[in-house]
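Asks: Sequence first, then the predicted structure, then my questions.
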Amino acid sequence: MMSSDEREKTVSPRQALNGFVPAALESARDNAGMTRGTLARKIGVDPTTIHGWETGRSHPTPDLLARAAEELGILVDALVDIDPDQRTLTDLRVLAGLTQRQLADRIGLSQPTVGRIERGEARLTDPAAELLASTLGLPLPIVRDAHRRARDAD
């Protein structure tokens, strides 16, 4: 059995959100005059979850991050710091507040296919690019550039 110290050091197996800034969440929550408990209730999580996000011990899923941002009256990109010229398709999806499953469901592709496209392992067809651009509310060239960055990554 794990001690409480060991549990505290355990990292979530889910990959951290690229560019998520825990201090920005805490600052936005403070600026909105909300306690962790209030924000937690509004988005349907435990207050310890908010604490974990703000301390960097854990991180929100894109959909919960979007709900938190909405409750705080800010945009998701106020909580995620990624140079616009470096954003990948995954980053664009996160900024739209969507999980990979949610995006796949909205554009009618399988989640594994969306994952391969996001990682640059699959070709971005014209129809898929158009669906992604429309769903993410972005111009087509931004979607194509984001896919190229993932494809060209080492």
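Replies: Here it is on my side, so go on.

Asks: for the longest helix that the chain contains, packing partners?
Replies: Across the chain, the helix with the greatest residue count (assigned by DSSP state H) is helix 140-152. Contact analysis of helix 140-152 by 3 or more CB pairs under 8 Å, 6 or more residues apart in numbering; DSSP states H and E lists helix 89-95, helix 126-136 as its packing neighbours. The C-beta positions use only the backbone N, C-alpha and C, and glycine is treated the same way.

Asks: what distance separates that helix from the middle of the whole chain?
Replies: Offset of helix 140-152 from its chain centre (CA atoms, centre = their mean, to the nearest Å): 17 Å.

Asks: what angle separates it from helix 126-136?
Replies: Calculated by axes from the mean of the first three to the mean of the last three CA atoms, to 10 degrees, helix 140-152 forms an angle of 110 degrees with helix 126-136.

Asks: List the contacts of helix 140-152.
Replies: Helix 140-152 has contacts (CB atoms under 8 Å, 6 or more residues apart in numbering) with 86-92, 117-120, 124, 129-130, 132-133, 136.

Asks: can you pull the buried residues of that helix?
Replies: Within helix 140-152, the residues that qualify as buried are 142-147, 149-151, counting by 16 or more other CB atoms under 10 Å.

Asks: quick one: which of the residues you listed is nearest L65?
Replies: Nearest to L65 among the buried residues of helix 140-152, counting by CB to CB, is A146 at 18.4 Å.

Asks: Show the contacting residues for the residue nearest to that closest one when sequence neighbours are not counted.
Replies: In this structure, A146 finds its nearest non-sequential neighbour in L89, 4.7 Å apart by CB to CB, 6 or more residues apart in numbering. For L89, the contact set (CB under 8 Å, 6+ apart) comprises 117-118, 132, 143, 146-147, 150.

Asks: Great, nothing more from me.
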